[in-house]
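# quick check, what structure comes out for this input:
(one chain, ligands or ions: 1)
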Amino acid sequence: MEEKILSTKIRVYSYNELTDTRKKLVELAREATRRAYAPFSKFNVGAALLLGNGEIVTGSNQENVAFPSGTCAERTTVFYASSRYPGVPFEKLAIAAWHDGDFVETPTAPCGACRQAILEYETLGGKPIEIILCGRNEVYVVEDGIKALLPLCFDKF
Ligand code: THU
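Numbering: from 1, shown residues only. A predicted model of the protein is given here:
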């Protein structure tokens with residue numbers, strides 16, 4: 001019998017410790033929460049994605065009265081980025097959430113479906129997409145990319 005252990009490295013920073021690029025993405029993701037359409041959950045999520053051509057694309061969750069028809073901020077963002085700049089690799093993705101009058105204390109991580117969607121573009125781009133999860137006071141940085149948040153992933157057949 002062999003045992004395999006899959007591990008994920010997360011670096012925890014305070015906002016002030018972040019590089020300028022990461023700070024900018026955190027700010028843009030936070031700002032994007034204001035453009036969420038989340039009348040049902042009242043959980044406003046924003047994302048900011050840096051592309052290999054230097055462009056930054058932002059997005060937010062968009063809900064629907066028929067619940068499954070809505071989309072998370074992450075998928076809004078990556079689908080728009082790929083539609084607008086097809087084939088341009090994704091570099092860094094920041095995610096922030098606002099609920100009950102403030103940014104959430106514990107960083108919000110992407111749901112399983114979004115992790116799978118992000119993985120598609122990571123595979124396409126051929127390098128890890130850094131994931132930046134923004135809490136009110138601390139920021140988690142996953143430098144190894146979305147695969148680190150989706151162990152044993154399905155990425156080819
Ligand atoms: N949501 C996101 O947009 N991203 C996440 O990472 C987690 C959840 C949205 C989906 C729904 O509109 C609301 O947050 C509550 O689940």
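
# so which bits of stretch 61-77 are buried?
Within stretch 61-77, the residues scored as buried using 16 or more other CB atoms under 10 Å are 61-63, 70-77. C-beta coordinates here come from the backbone N, C-alpha and C atoms, glycine included.

# show me which residues of this protein sit near the ligand.
38, 41, 43, 45, 61, 63, 70, 72-74, 95, 108, 110-111, 114 (CB under 6 Å from any ligand atom).

# if you set the cut-off to 8 Å instead, what comes out?
36, 38, 40-41, 43-45, 47, 60-63, 70-76, 95, 97, 108-111, 114 (CB under 8 Å from any ligand atom).

# out of the residues you listed, list just those in strands.
Secondary structure assignment by DSSP state E places 43-45, 47, 60, 95, 97 of the residues of the chain next to the ligand in strands.

# so which of those residues is surrounded by the most neighbours?
Comparing these by number of neighbours (other CB atoms under 10 Å), A47 comes first, having 33 neighbours.

# flag every buried residue along stretch 18-25.
Residues of stretch 18-25 classed as buried: 18, 22-25 (neighbour count, 16+ other CB under 10 Å).
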